[in-house]
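[1] this one's structure only:
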């Protein structure tokens with residue numbers, strides 16, 4: 001029996017009912033985005049189109065594997081282990097008719113592939129998307145190790161099938177290659193960012209490689225976290241890659257949940273709390289209710305005509321359209337548990353996604369229910385109460401992952417993630 005946290009136990013009944021519904025729906029969105037034959041997951045869930053979409057995201061597939069672990073723990077899906085096996089077999093090319101596109105020399109995967117065939121869909125060979133896939137496989141392998149030991153074997157096979165040496169661009173400065181092309185790393189990105197995960201997995205797989213050792217220990221090990229670049233919001237130090245520019249809040253969340261050393265590090269937890277506080281305080285400058293915050297990334301379909309990019313990673317210093325991401329609030333719950341009341345207030349006041357009716361405009365009711373079928377996600381505060389409100393057309397799974405992670409950690413504790421990752 002899995003234990004629940006004190007935070008969850010102490011929730012008022014109405015808030016707990018909302019939490020339970022949103023938590024279960026955070027998995028249901030992933031399940032609705034899964035291809036039943038191949039086990040691959042779409043890049044996004046579409047409100048007004050058929051799902052799953054034809055384009056698979058390898059990062060979303062990694063989170064899909066984690067979602068199956070959560071669903072199994074909570075008793076939502078009795079077939080979770082079988083589904084995870086199908087997914088991992090497909091990723092490794094063991095499903096007839098589907099061969100996920102990979103770099104032949106290094107084994108890294110294409111970012112986007114065809115859901116049925118695995119063919120590359122005009123995308124780069126991505127080190128971070130491959131890493132998100134691998135970490136999901138490792139978590140699933142650990143979670144199901146007693147009932148489905150093959151999952152652990154396949155996860156290790158996947159990890160070892162990749163030559164991680166190409167990710168090292170500058171081992172002294174923490175620069176990691178984002179893209180692999182023709183067996184070579186390219187598109188270097190300086191620390192700090194979500195590519196901490198890439199460095200962690202490289203060390204996990206090839207611990208004897210000196211360059212990989214140096215990349216981690218010179219930059220990302222816990223004793224080095226305080227030496228990473230920092231941007232300041234007011235007097236709050238926040239980790240960054242190009243100071244004084246700020247990163248989108250999701251960037252801080254991926255290492256927190258997916259790198260064990262960061263999940264358990266008091267140093268990183270303090271920086272994580274700083275990122276949360278800076279996000280919340282910046283929104284207060286906009287004269288919005290206190291429950292409106294969350295600088296996340298995501299699609300803005302329908303708002304592009306107002307100067308808002310179709311997809312954007314919002315941050316403290318760049319947020320066209322003042323669009324908030326509820327899943328970012330969820331992702332910060334381990335350091336700001338009161339955020340659950342912010343989500344509840346948003347639900348009660350503006351987005352009652354499961355009970356909304358509009359007798360005077362049934363078309364509006366249908367659009368609202370479709371746009372928020374699985375709960376709170378991305379919304380434009382300036383448009384929330386307008387007669388012709390903006391309805392988000394879809395939600396990207398990798399961005400939605402913060403909702404799943406945060407609600408799971410709020411109820412079960414961050415150890416759910418750290419204990420399921422193989423340590424060095």
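    Sure, I can see it. Quantities reported herein were computed from a predicted structural model and do not represent experimental measurements.

[2] measure stretch 111-131 end to end?
    11 Å (C-alpha to C-alpha, to the nearest Å).

[3] Same question for stretch 291-301.
    End-to-end distance (C-alpha to C-alpha), stretch 291-301: 24 Å.

[4] State the mean pLDDT of that stretch.
    For stretch 291-301, the mean per-residue pLDDT is 95.

[5] residues of that stretch that come out buried?
    Neighbour-count burial for stretch 291-301 flags 291, 292, 293, 294, 295, 296, 297, 298, 299, 300, 301 (criterion: 16 or more other C-beta atoms under 10 Å). For every residue, glycine as well, the C-beta is placed using N, CA and C.

[6] Also stretch 237-251?
    Going by neighbour count (16+ other C-beta under 10 Å), the buried part of stretch 237-251 is 238, 239, 240, 241, 246, 247, 248, 249, 250, 251.

[7] Kindly report the same for stretch 129-149.
    129-144, 148.

[8] shaky segments in this structure?
    Across the chain, the ranges flagged by pLDDT under 70 are 1, 422-424.

[9] again, only this time at 50
    Scanning the chain for pLDDT under 50 picks out 424.

[10] which residue sits farthest out from the middle of it?
    residue 360 (37.6 Å; C-alpha atoms, centre = their mean).

[11] Quick check: the gap between it and residue 147.
    Using C-beta to C-beta, to the nearest Å, one obtains 52 Å as the distance from residue 360 to residue 147.

[12] what's near enough to touch residue 283?
    The contact partners of residue 283, taken as C-beta atoms under 8 Å, 6 or more residues apart in numbering, are 292, 293, 294, 324.

[13] Could you rerun that using 6 Å?
    residue 293 (C-beta atoms under 6 Å, 6 or more residues apart in numbering).

[14] tell me which element it is part of?
    helix 266-284 (DSSP states H and E).

[15] Just the ones in strands from the buried residues of stretch 129-149, please.
    Using DSSP state E, no member of the buried residues of stretch 129-149 falls within strands.

[16] Looking at the residues you listed, which are in helices?
    Mapping these onto helices (DSSP state H) picks out 129-143.

[17] on that earlier part again, pick the one among the buried residues of stretch 237-251 closest to residue 84.
    Nearest to residue 84 among those is residue 250, at 24.2 Å by C-beta to C-beta.

[18] Would you mind measuring from the residue lying closest to residue 168 once chain neighbours are set aside to residue 86?
    Nearest residue to residue 168 in three dimensions, chain neighbours excluded: residue 211, at 4.7 Å (C-beta to C-beta, 6 or more residues apart in numbering). Per C-beta to C-beta, residue 211 is found 36 Å from residue 86.

[19] residue boundaries of the strands in the stretch 251-400 of the chain?
    For the stretch 251-400 of the chain, applying DSSP state E, counting those that start in this stretch gives strands covering 297-299, 311-313, 323-325, 378-380, 394-396.

[20] Buried deepest among those strands, which one?
    Ranked by mean neighbour count, these are led by strand 323-325 with a mean of 26 (mean count of other C-beta atoms under 10 Å).

[21] For that strand, name the packing helices and strands.
    Secondary-structure packing of strand 323-325 (3 or more C-beta pairs under 6 Å, 6 or more residues apart in numbering; DSSP states H and E): strand 378-380.
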